[in-house]
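Sequence plus predicted model, see below.
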Amino acid sequence: MAPQEREALAAVMPKISAGILLYRRREGGIEVFLVHPGGPFWAKKDDGAWSIPKGEVAAGEAPLDTARREFREETGFAVDGAFQDLAPVRQAGGKTVLAWAVEGDCEAAAIASNRFSLEWPPRSGRRQEFPEIDRAQWFDIAAARRKINRGQLPLLDALEALAG
């Protein structure tokens with residue numbers, strides 16, 4: 001999809017997110033960098049809960065700029081390189097995810113995520129802060145298929161086709 005088409009899609013459709021699928025090559029094959037959402041709802045969820053770092057595209061913002069910004073906000077790391085356009089995917093909740101694959105590396109244990117505020121416990125009147133991302137990890141493709149949000153599985157397929 002051309003950059004102009006992505007920008008037009010983001011401008012007219014609600015619930016569009018953009019993200020980065022960071023990958024690295026290891027002796028055993030490709031590993032992908034996934035993040036686990038923070039907060040009490042996700043605390044005990046694992047398989048199917050992980051995601052690529054992503055966030056909603058703001059009006060007038062280029063989706064790739066959103067993807068790079070969200071990666072930095074959610075992990076504390078800037079990512080650069082030869083971004084490879086992946087086909088958009090639609091998650092079960094209706095959100096469309098625009099994604100780019102890029103080869104790179106970072107220390108998963110050293111992430112520094114932005115935070116959000118939430119009334120917790122519900123109806124308690126008490127607000128607490130939680131990290132948007134509570135952990136990150138490198139996974140081989142087989143493990144990533146178990147961990148990633150099912151709606152994002154096609155991104156792993158596309159990466160395998162691109163990276164060999």
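Okay, I see it. Numbers count the residues shown, from 1 in each chain.

how about the closest residue in space to Q137 that isn't next to it in sequence, what does it touch?
Across the structure, with Cβ to Cβ, 6 or more residues apart in numbering as the measure, the residue nearest Q137 apart from its sequence neighbours is A108 (5.1 Å). From N, CA and C alone the C-beta is placed, and that goes for glycine too. When contacts are counted by Cβ atoms under 8 Å, 6 or more residues apart in numbering, A108 is found next to F33, R135, A136, Q137, W138.

who wins for neighbours among the residues you listed?
Looking at these with neighbours defined as other Cβ atoms under 10 Å, the largest count falls to F33 at 25 neighbours.

now that one, which residues is it bridged with?
Partner residues in beta bridges with F33, using DSSP bridges, are W138.

on that earlier part again, how close does the residue nearest to Q137 get to R127?
When distances are taken as Cβ to Cβ, to the nearest Å, A108 and R127 turn out to be 29 Å apart.

Which parts of the protein are helices?
Secondary structure of the chain, counting by DSSP state H: helices at 3-12, 63-75, 141-147, 153-163.

Could you say which of those helices is packed most deeply?
Ranked by mean neighbour count under mean count of other Cβ atoms under 10 Å, the helices of the chain are led by helix 63-75, which reaches a mean of 21.

Using PDB, list the CA coordinates for that one.
As requested, the backbone C-alpha atoms of helix 63-75 are provided in PDB (Å, rounded to 0.1, in the frame of the first residue of the first chain):
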ATOM      1  CA  PRO A  63       1.100   6.400  10.000                       C
ATOM      2  CA  LEU A  64       4.800   5.600   9.900                       C
ATOM      3  CA  ASP A  65       5.500   8.600  12.100                       C
ATOM      4  CA  THR A  66       2.900   7.300  14.500                       C
ATOM      5  CA  ALA A  67       4.500   3.800  14.500                       C
ATOM      6  CA  ARG A  68       7.900   5.200  15.300                       C
ATOM      7  CA  ARG A  69       6.600   7.600  18.000                       C
ATOM      8  CA  GLU A  70       4.600   4.800  19.700                       C
ATOM      9  CA  PHE A  71       7.600   2.500  19.600                       C
ATOM     10  CA  ARG A  72       9.600   5.100  21.400                       C
ATOM     11  CA  GLU A  73       6.900   6.000  23.900                       C
ATOM     12  CA  GLU A  74       6.100   2.300  24.800                       C
ATOM     13  CA  THR A  75       9.700   1.000  25.000                       C
END
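
How about residues contacting it?
The contact list for helix 63-75, computed with Cβ under 8 Å, 6+ apart, reads 3, 6-7, 10, 16-20, 22, 35, 53-58, 77-79, 83, 98-100, 106, 111-114, 132-133, 136.

Cool, thanks, signing off.
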